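Q: Sequence and predicted structure, then a few things I'm wondering about:
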Amino acid sequence: MVTHSDFVVHVPQREFFTVCPYLGNWTYLGNMPEGRAWLAAAGPSQPSNAPFFYVVGGRNITSGTDEILSTVGTMEPATGAWASLPSMPVERMAHAAVCVGEKLYALGGASYSPHGGGHLNTVDEYDPNGHTWSAKAPMPTGRASFAAVELDGKIYVVGGAAPNQTLATLEVYDPVSDRWDTLRPMPNGRFDLGAATIDGLLYVVGGRGPGKGLKGQTLEAYDPTTDTWETRRPMPTGRYELAATVLDNKLYAMGGEGTAQFYPANQPGYAFLQLLADVEVYDPISDSWCIAPHMRTPRKAFAAVTLTEEVLVPGSPTNVPFVPPAGGPGLPYVVPGVPLRGGGQDASNALGFSVHGPTPLPVQRIYAIGGAVFHQDWEYTASIDVYPTLPVAAYKSSERSTGVRRNRRTAGRRSA
């Protein structure tokens with residue numbers, strides 16, 4: 001039997017090691033009603049004074065029963081409140097969930113084994129106003145273990161696994177016309193990858209190809225305005241079954257399984273791959289990576305979302321901590337006072353907001369949800385963790401101009 005002491009989590013050797021600016025650590029938020037891995041999660045893209053995220057499907061083991069789930073729920077981090085919603089029409093694992101406007105979309109996935117068959121091309125839309133699911137145009141390519149993101153009101157689906165096939169395909173769905181189009185495939189086909197969008201570009205990171213460990217450090221960027229791909233600086237730690245999201249316009253790659261094999265002492269013929277708690281952060285402007293604090297628990301096959309919440313910062317020239325009314329148990333919800341330029345009613349804070357009495361300030365946090373963990377044996381966890389300890393302001397300034405976006409598109413450009 002392999003024990004937890006055999007399942008060592010190593011800090012890999014890296015070509016370079018830059019520590020990210022310290023924002024705090026990961027903390028425990030709470031639990032879902034049931035543990036699940038190979039799940040999907042999504043949150044609304046617009047700031048809210050009561051943000052929430054959806055948890056959709058996945059795989060669960062309860063009392064020795066292994067089942068694929070169709071259940072859906074929402075979590076409000078500020079209060080810890082969980083609400084069950086109508087289930088999807090079909091069970092899904094290793095799938096994707098994306099919000100576009102008020103609607104939630106569940107796409108693809110597997111009906112049983114994520115790499116052995118039952119790969120779905122179906123798309124279901126959830127309308128929170130009527131609490132109903134409806135079928136939409138299916139994906140051109142059925143797939144599991146892929147990535148999907150929202151960009152400019154459309155859903156981009158990339159990579160994944162189909163029966164006996166590793167996919168490089170990129171397809172885009174327009175919810176308005178209920179239509180799919182096929183775009184230029186990514187240079188390196190892979191599955192169990194992560195993806196996110198920053199300033200109009202789609203970033204695809206990590207994953208594995210036809211053989212275990214392939215493509216684990218790969219980072220590629222897709223520009224939908226030119227239908228072209230670029231290769232960016234590789235991720236320091238190769239990994240797959242990771243989660244990816246964006247905080248402060250930087251790409252966060254978290255957890256997963258590493259690509260460096262090692263062997264338990266009591267089973268020298270049996271190879272494990274590293275289960276990671278590592279968090280690595282990519283800055284598109286400098287085309288560089290830095291190392292952020294580890295997650296509390298190494299995990300893979302989990303979901304991550306970034307939520308933006310609007311909180312009111314008092315209109316004051318002093319740095320006074322402020323606790324918003326939405327603060328709840330289990331979450332250190334203290335928003336530090338924002339340094340102001342000058343003072344008085346016409347002062348502007350360091351983030352470019354005018355201060356006329358209480359001012360709404362958008363702040364961001366990352367939530368790591370569920371996944372597979374290892375304690376004596378594999379378990380599917382129900383835990384939700386949050387990062388950072390103090391929220392990060394969602395910067396709004398002239399830096400978001402079209403000119404700067406164009407510079408970001410060309411920063412660190414490498415040939416594909």
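A: Cool, the structure landed.
Q: For the helix or strand where V157 lies, name the packing helices and strands.
A: Element membership for V157, per DSSP states H and E: strand 154-158. On a contact count with 3 or more CB pairs under 8 Å, 6 or more residues apart in numbering; DSSP states H and E, strand 154-158 meets strand 96-100, strand 103-107, strand 147-151, strand 170-174, strand 201-205. (Each C-beta comes from the backbone N, C-alpha and C, glycine too.)
Q: what residues does the helix or strand following it touch?
A: Using DSSP H and E, the helix or strand that directly follows strand 154-158 along the chain is strand 161-162. For strand 161-162, the external contacting residues (CB atoms under 8 Å, 6 or more residues apart in numbering) are 114-115, 119, 141-146, 167, 191-192.
Q: low-scoring stretches of the stretch 201-350 of the chain, by residue?
A: 211-215, 259-273, 311-350 (pLDDT under 70).
Q: Show me where it has its strands.
A: Applying DSSP state E, counting those that start in this stretch to the stretch 201-350 of the chain gives strands spanning 201-205, 219-223, 228-231, 239-240, 243-247, 250-254, 257-262, 272-275, 279-283, 288-292, 303-313, 340-341, 348-349.
Q: helices and strands around the longest one, which ones?
A: Pointing back at strand 303-313 there. Partner elements for strand 303-313 (3+ CB pairs under 8 Å, 6+ apart): strand 40-42, strand 53-62, strand 243-247, strand 359-369.
Q: Run me through the strand neighbours of the shortest one, direction for each.
A: Partner strands for strand 40-42, per DSSP bridges, with pairing direction: strand 53-62 (antiparallel).
Q: just the angle between the strand it pairs with and strand 303-313, please?
A: Inter-element angle recorded for strand 53-62 and strand 303-313: 140 degrees (by axes from the mean of the first three to the mean of the last three CA atoms, to 10 degrees).
Q: Not counting the helix or strand just after strand 53-62 itself, show me its contacts.
A: Toward the C-terminal end, the helix or strand that comes next after strand 53-62 (DSSP H and E) is strand 65-76. Contact with strand 65-76 is made by 30, 32-34, 36, 39, 50-61, 81-93, 110-112, 126, 367, 369, 384, as judged by CB under 8 Å, 6+ apart.
Q: wait, doesn't V246 sit right on L201?
A: No: contact criterion CB atoms under 8 Å: V246 and L201 do not qualify, at 11.0 Å.
Q: Got a quick ChimeraX command for the buried subset of the contacts of strand 65-76?
A: Burial among the contacts of strand 65-76 is assessed by 16 or more other CB atoms under 10 Å; the matching ChimeraX selection reads:
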select :30,32,34,36,39,51,52,53,54,55,56,57,58,59,60,61,82,85,88,90,91,92,93,110,111,126,367,369,384
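Q: that older thread, now render the helices and strands packed on strand 154-158 as TSV, adding distance to L69 and mean neighbour count.
A: As requested, the helices and strands packed on strand 154-158 are arranged in TSV below (distance: least, CB to CB, whole Å; neighbours: other CB atoms under 10 Å):
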stretch	distance to L69	mean neighbour count
strand 96-100	12	24
strand 103-107	11	23
strand 147-151	18	22
strand 170-174	23	20
strand 201-205	26	24
